[in-house]
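Participant: Here is a sequence together with a model predicted from it:
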Amino acid sequence: QDTKVIGVSIPAATHGWAGGMNFHAQEAVDRLEEVYPGLDFVLATASDAAKQVDDIEDMLATRNISALVVLPFESEPLTGPVQAVAESGAWVTVVDRGLAVEGIEDLYVAGDNSGFGTVSGEFMVSAMPEGGDIVVFRGIPTTIDNERVAGFEAAIEGSGINVLAMEHGNWNRDDSFTVMEDFLSKYDKIDAVWASDDDMAIGVLAAIEAAGRDDIQFVLGGAGMKEMIARTRDGDAMIPANVTYPPAMIATAIEMTAVGLTSTAPVSGTFVIGSVLVTQENAAEFYYADSPF
Amino acid sequence: MTQTAKISVDLKVLGPILALVALIIVGALLNGNFLSAGNISNVLSRSAFIGIIAVGMTFVITSGGLDLSVGSMAAFIAGLMILVMNGLLPSMGAGWPLVMVGMVTAIVAGTAAGFINGFLITNMRIEAFIVTLGTMGIYRSLVTWLADGGTLSLDFGMRSVIRPIYFDGILGVSWPILVFALVAICGEVVMRRAAFGRHAAAVGSNDQVARYSSVNVNRVRMMTYVMLGVLVGIATIMYVPRLGSASPSTGVLWELEAIAAVIIGGTMLKGGFGRVWGTVIGVLILSLIDNILNLTDGVSPYLNGAIQGVIIILAVILQRDKKAEG
Amino acid sequence: MTQTAKISVDLKVLGPILALVALIIVGALLNGNFLSAGNISNVLSRSAFIGIIAVGMTFVITSGGLDLSVGSMAAFIAGLMILVMNGLLPSMGAGWPLVMVGMVTAIVAGTAAGFINGFLITNMRIEAFIVTLGTMGIYRSLVTWLADGGTLSLDFGMRSVIRPIYFDGILGVSWPILVFALVAICGEVVMRRAAFGRHAAAVGSNDQVARYSSVNVNRVRMMTYVMLGVLVGIATIMYVPRLGSASPSTGVLWELEAIAAVIIGGTMLKGGFGRVWGTVIGVLILSLIDNILNLTDGVSPYLNGAIQGVIIILAVILQRDKKAEG
Amino acid sequence: MSGTGASNLSLSLSAICRSFGPVQVLHDIDITLAPGEVHALIGENGAGKSTTMKIMSGYLAPTTGEVRLNGTPVSFANSQDAEARGVVLIHQEFNLADQLTVEQNIFLGHEKRRGLFLDKAAMRAETEALLARLNCSVDPLARVRDIANADKQMVEIAKALSRNAQVLIMDEPTAVLTEREAETLFEQVDRLKAQGVAILFTSHKLDEVKRISDQITVLRDGHVVSQGVASDYNEDQMAEAMVGRDVSSLYPVREGEIGSDLALEVAGLTVPGFATDISFTLRRGEILGFSGLIGSGRTETMEGLVGLRSASGAVRINGKDVSLKSPRQAQAAGLCYLTEDRKGRGLLLDKGMRENLTLQSLPDFTRLVIDQGAEDAALTQAIEDFDIRAPTREVAVGNLSGGNQQKLLIAKVMLADPEVVIIDEPTRGIDIGTKQQIYEFIHALSAQGKSIIVISSEMQEVIGLADRVLVMRSGRIEGEVSGAEMTEDKIVRLAMGLSAQKEGAA
Ligand SMILES: Nc1ncnc2c1ncn2[C@@H]1O[C@H](COP(=O)(O)OP(=O)(O)OP(=O)(O)O)[C@@H](O)[C@H]1O
Ligand SMILES: Nc1ncnc2c1ncn2[C@@H]1O[C@H](COP(=O)(O)OP(=O)(O)OP(=O)(O)O)[C@@H](O)[C@H]1O
Ligand SMILES: [Mg+2]
Ligand SMILES: [Mg+2]
């Protein structure tokens, strides 16, 4: 048997973006298994870091993986186990969140969380040159969220934009809806909302609409959900922009790994998939009709 | 009974009410908008999902059972309801008939899900904890699979048709609040004044005695699960119109919240005694904690969970059994 | 006793073993490497965390209690242990003394956390479900707060010192496996051969009777929670070397897994009867399900939860009480 | 704890009063238990016997008054404290942990240890020895929930014996025992007495009281109404002191006519594991007794008959074939069974009297919702009909005295208005005055045309009540006696399987 096995280990679909990422991973695996008869894929989803380490151990012990594509649940705890995979001689592709030690991976397909925050912040500043009062929605408490918020805060520093409150919406529509309802009760005037994620933006928008408030000028989400991109494209004033953080980066990483394993094409190195500001002008480019996210 | 017994009984009754009143006072002091009609309406509407479910949970727990699957069941039913409505949209068009179909779907799915839990628990005699832990995993998986890991969204046209179910109402009282109130009142009446409530308490108190007294123990148990399933369906009917979507993260931890509300309300976890009005108060206490935390600043949002935990424990301390003797 | 009674007793004993054997056969058929030393060692080592906790949970449940807080407690203790070690690193240097300090921290914190749960449950007489739901929220919040929403990481130098606790062992058997085995054996002996085990069962079966029989009911209850706390501390000592970090998502749902393992193993959720060896089998069954799902493709990972759910229910069907009457 | 017979104790109560809230249930009780003496405490249901005993043994504190051990006032902190000083109570209701085995229960809280571990071998050996002394053949490893009631009582007694009690207090120990088993118990009592143990016991079976007691104290409504040496009393005097009226004619004269049509026909009823091929008929208005030793399967037969256990066989009620798969179907067909286990299967101890009374016939009280007014009226009626004495109407049933619980249980089943009623141990734990009332009640029922089956371990009771007696042994009907043949001797012989030889010889 000369089929090579590629292990793919990703966090479970517990929120919208992760769901999109799961979809793209699954879809890439299905597609590539067709394309490359010599490749076999194992896809495992983990609900926490420890489970992800278990999955990687299992792939190493029982599936003789030749390559691992991993989107670490958290960087620190995954560093050791992924290092063990690299030491076993397998190819390692790390996606989105870098490991705590440099140089372990052969290929790094990186998202840029702090860049995501920066781009978002810069848009806010440009959209509100006079400054104003905003509320901020945070994700599930994680390093990712911390990096995004730090980038955002740095970008709005000194711009006259005042953050009234930050609360965790957990990248979840329901939680954000509830929090936004309460923010609307609490503050008589809110100029804009940084929802930081399109799922949260949907909850926020629903709450604003239900309250019938017209003081909020716009809501900035993020991650490029299809539906939201479409609204930006169509000129919805409430959603003037979006910031990408494409869940499809996992598919890119899997595909590049497959190529690297089956050909001599040079695919190692670091590919940063930067966060891009999407506005009405360029929105059409970021609208993927068949994506579930 | 004795003096002390009387006082402790009163405390058991007053406990949750006191906790609720204390929370309301704290909320009003912290933020002027707390008692505004808008905020009260928000809190009540959003309590409705958990509240409707918790009323059903009160019966399950009173009869000595438990259901951990309600949160994922709600997510699954919501997903199914959306799929069915999206699927029939081309043939039926966006309108009330389709909404009715969605509602029927939710109720039927809820009934079936409750029946499955009930069947495994009563007829197959498996521990309720295990059965519902299992079905919890199953429904959660199914909705993830249906949604392909992402979000199931109701068609946009349909969404505006169905929205009023959450946001509109009669005389300024929104539908979820009305339905919750109706469910709570019916629940209270059934628990206190109907044979079913008595039977549920009897089964939870001592199922042998119930059996020897010609009570159909299995049917009572089964009924509590089916009823809970139906109520989960009803809660879902209120839930879907709000955001028009369902995802793997819908309804996560609703089960714990519902059970906590039931117990804060004074129902005994080991069964034998339940009160629906207490559950309603429990639900309100839990919603108010969240609401108050959102309305105040100064507390690190990381610590919200800790504050909730402390308040839940305090609310139950207020009504604990005074006597250990006897 | 009668024939039928004997057979049903045997099934109750054999049930979990049968389920385990079935899983092992399925695993071996699906993948040649399943029975490799490496895989077995992996599965056993990672079972150790939940396993050690589940042994303690067996006592808590046997005496009629419940603890939902163990997962967050583990996360909190892990965070604390890391903070203490990082804090003392400059003064003590990376080495075994510091590891010892870390271990002591974990055990002390576990004891204290167990004591708090026990105190609220026995002395303040609050429903265990509520107390531990409350402390679950509290510890989860505290670790989020300690980690500032992110991850608490052990200093890298320290990590290589502490790593052997998870990865090394004696004669090729890793430390977690050895510790788990030791805890399980001690647990089994205490449950079956020590007065404490009997008292725990008596308290769970009927606490009035136990009280009247000169059993210090509160102390027994308290001891089960403290013991569980200590075991959570020990589990954390094994956990930290493995990942070198703690975060708000550490130990999420461990409580449900531990409780499920205990019940799959044949301990009664309402108390009165417990068996530690059954719990060990329950833990292995749960780990193997995960392991086997990783061995095969073809099943959508979205459906993993559903398969787990079905297997958990099946494992318990195998050992359910045959008779309903009498 | 002191060794056997090392330091004999006397326990006395002086001017003890006890109230539960506003209700005073004991008034100035004085009793002295002397070493080597058996003291009987008798009285009507609710007279305060159990309460007195609980005060003696540290389960309850007196409101006022003194408990003295060897003349020195003591105040027991709790029952363990009392037990540590050699005062042990065997409760009226079972006080065993159901999930634990017989051996585990006997040594609960006093486990024998060898080093850190339990000395299981020694405990097992001692358990076997104790049970053998009581002629009880139950397996030490059986779980208590699986053993018969009588065995549970023996386990309770074994548990008390294992504690080396110097003052042994027994609350209705013989209520669930047959006469033969009671006799075994009395042998142990005699032995303990010889060792100088002070014993207090209560029973509603006055012949037993007469048989073993040296001293008698009679309580009525919480007052000591009579106290003295046992030989000064005969049974009628005791009964009169208790009840305050003459109860010498315990069994009423049969007045109703037995009808000719069959109310119940049972053919070939088999309850797997318990009873085989049971066939009998019952006519309208007839009272049929079922006798047999404990464990002969009477309870299981009847439980099988009403659908509480899986059973096979043909049943006809009023000439119609019926299939009874559940008690509900049986009740609908007019057949009800009144359980012998009032605490475990009869009543919800944490609920009030009203809920308990109507539980079985709730549909009769429900239109759309439960008619609580009608329930209250039913309770008032039941309290009057059955002379239920409760401190308040709201009291949790678990706080009623044992006998009053039994009366409530009878009232509950009768409320379902069955055509045929099976009463298992109707007067277990009921005082002699009330017994008379219950017998009259049973007769009145039969006079109304109801048919009644009475299972009783009290031979006198079956003979006094029934028109006919079926005797069971090892799950089969061994024989039938009626009319002049209904004698204790005849029944005992049948129950023990001796009749064949006897008849063969005759
Ligand atoms: N915990 C309690 N709370 C309230 N009333 C009680 C309690 N315990 C007993 N009583 C009442 O005290 C009275 C005496 O009860 P006790 O159990 O001593 O009677 P008894 O003589 O043992 O009767 P029986 O022969 O029926 O067992 C009864 O009226 C009973 O209802
Ligand atoms: N739950 C049980 N499991 C196993 N055996 C039982 C159980 N209950 C009773 N038995 C056994 O069944 C037999 C008949 O029981 P039981 O004592 O109820 O008979 P009985 O004739 O009704 O006697 P009585 O009513 O006088 O106690 C006995 O051998 C008893 O030990
Ligand atoms: Mg009594
Ligand atoms: Mg019987």
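Facilitator: Nice, I can see it. Numbering: from 1, shown residues only, chains lettered A, B, ... in the order given. Ligands and ions are numbered 1, 2, ... in the order given.
Participant: Now the stretch 101-250 of chain B against chain D: closest residue?
Facilitator: Residue nearest to chain D within the stretch 101-250 of chain B (Cβ to the nearest Cβ): B:Arg193, separated by 3.7 Å. Every C-beta, even on glycine, is put in place using the N, C-alpha and C of the backbone.
Participant: Count the residues that sit near the residue nearest to that residue when sequence neighbours are not counted.
Facilitator: In space, and not counting its chain neighbours, B:Arg193 is closest to D:Val369: 3.7 Å by Cβ to Cβ, 6 or more residues apart in numbering or on different chains. Residues within reach of D:Val369, counting by other Cβ atoms under 10 Å in any protein chain shown, total 14.
Participant: Who are the packing partners of the helix or strand D:Gln405 falls within?
Facilitator: Assigned by DSSP states H and E, D:Gln405 belongs to helix D:402-415. Counting contacts by 3 or more Cβ pairs under 8 Å, 6 or more residues apart in numbering or on different chains; DSSP states H and E, helix D:402-415 packs against strand D:335-338, helix D:353-358, helix D:372-386, strand D:420-424, helix D:432-447.
Participant: thinking again about what came up before, any idea how far the residue nearest to B:Arg193 lies from B:Ala194?
Facilitator: Between D:Val369 and B:Ala194 the computed distance is 6 Å (Cβ to Cβ, to the nearest Å).
Participant: just D:Ala97 next, same as before
Facilitator: 36 Å.
Participant: do the same with D:Leu219
Facilitator: From D:Leu219 over to B:Ala194 (counting by Cβ to Cβ), the distance is 43 Å.
Participant: These two - which one has more neighbours?
Facilitator: D:Leu219 (27 against 17).
Participant: for chain A, what's the longest helix?
Facilitator: Criterion DSSP state H: the longest helix present in chain A is helix A:16-35.
Participant: rewinding a little: need the contact list for the residue nearest to B:Arg193.
Facilitator: Shown in contact with D:Val369 (Cβ atoms under 8 Å, 6 or more residues apart in numbering or on different chains): B:189, B:193-194.
Participant: can you list the domains in chain D?
Facilitator: Split into domains by automatic domain parsing, chain D comes to D:11-243, D:262-505.
Participant: Just checking the shortest one against chain C, any contact.
Facilitator: Right, domain D:11-243. Yes - residues of domain D:11-243 contacting chain C under Cβ under 8 Å from any Cβ of the partner chain: D:59, D:79-80, D:83-84, D:91, D:95-100, D:104, D:108-111, D:113, D:116-118, D:120, D:139, D:142, D:146.
Participant: Now list the buried members of the residues you listed.
Facilitator: D:59, D:79-80, D:83, D:91, D:95-100, D:104, D:108-111, D:118, D:120, D:139, D:142, D:146 (16 or more other Cβ atoms under 10 Å in any protein chain shown).
Participant: Which members of these are positioned in strands?
Facilitator: Per DSSP state E, strands hold the following members of these: D:Leu118.
Participant: Tell me the secondary structure at the residue nearest to D:Gly196 when sequence neighbours are not counted.
Facilitator: Once flanking residues are discounted, D:Gly196 sits nearest to D:Asn8: 4.0 Å by Cβ to Cβ, 6+ apart. Under the three-state scheme (DSSP: H, G, I helix; E, B strand; the rest coil), D:Asn8 adopts coil.
Participant: quick one on the thing from earlier: anything in the helix holding D:Gln405 sitting right up against ligand 1?
Facilitator: Yes - using Cβ under 6 Å from any ligand atom, helix D:402-415 reaches ligand 1 at D:402-404.
Participant: Just the C-alphas of that helix, formatted as CSV.
Facilitator: Extracted in CSV, the C-alpha atoms of helix D:402-415 (Å, rounded to 0.1, in the frame of the first residue of the first chain):
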residue,chain,number,x,y,z
GLY,D,402,-48.4,3.5,62.8
GLY,D,403,-51.9,2.4,63.5
ASN,D,404,-53.4,5.5,62.2
GLN,D,405,-51.4,5.1,59.0
GLN,D,406,-53.0,1.7,58.7
LYS,D,407,-56.4,3.1,59.1
LEU,D,408,-55.8,5.7,56.5
LEU,D,409,-54.6,3.0,54.2
ILE,D,410,-57.8,1.1,54.6
ALA,D,411,-59.8,4.2,54.1
LYS,D,412,-57.9,4.9,50.9
VAL,D,413,-58.6,1.6,49.4
MET,D,414,-62.2,1.6,50.5
LEU,D,415,-62.7,4.9,48.9
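Participant: in it, what counts as buried?
Facilitator: D:402-415.
Participant: That helix vs ligand 3: in contact?
Facilitator: Yes - Helix D:402-415 is in contact with ligand 3 by Cβ under 5 Å from the ion, via D:Gly402.
Participant: all helices of the stretch 1-150 of chain A, in order?
Facilitator: Using DSSP state H, counting those that start in this stretch, the helices of the stretch 1-150 of chain A run over A:16-35, A:49-62, A:75-87, A:113-127, A:143-156.
Participant: most neighbours per residue, which of these?
Facilitator: helix A:49-62 (a mean of 24; mean count of other Cβ atoms under 10 Å in any protein chain shown).
Participant: Hmm, B:Gly282 is touching B:Pro16, no?
Facilitator: Yes - using Cβ atoms under 8 Å, B:Gly282 is in contact with B:Pro16, at 6.3 Å.
Participant: These two: which has the busier surroundings?
Facilitator: The residue with more neighbours, out of B:Gly282 and B:Pro16, is B:Gly282; 32 against 26, by other Cβ under 10 Å.
Participant: B:Val252 versus the more buried one, what's the distance?
Facilitator: For B:Gly282, the distance to B:Val252 - Cβ to Cβ - is 19 Å.
Participant: Just the contacts of D:Val369: which are in helices?
Facilitator: B:189, B:193.
Participant: how about the contacts of D:Val369 in CSV, adding pLDDT and distance to ligand 3?
Facilitator: Converted to CSV, the contacts of D:Val369 look like this (pLDDT from 0 to 100; distance: Cβ to the ion, whole Å):
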residue, pLDDT, distance to ligand 3
B:Val189, 94, 39
B:Arg193, 89, 35
B:Ala194, 91, 35
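Participant: Redo the contacts of D:Val369 as TSV? Include distance to D:Gln331.
Facilitator: Formatted as TSV, the contacts of D:Val369 follow (distance: Cβ to Cβ, whole Å):
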residue	distance to D:Gln331
B:Val189	26
B:Arg193	23
B:Ala194	20
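Participant: just the contacts of D:Val369 now: which is nearest ligand 2?
Facilitator: Nearest to ligand 2 among the contacts of D:Val369: B:Ala194, at 33.2 Å, using Cβ to the nearest ligand atom.
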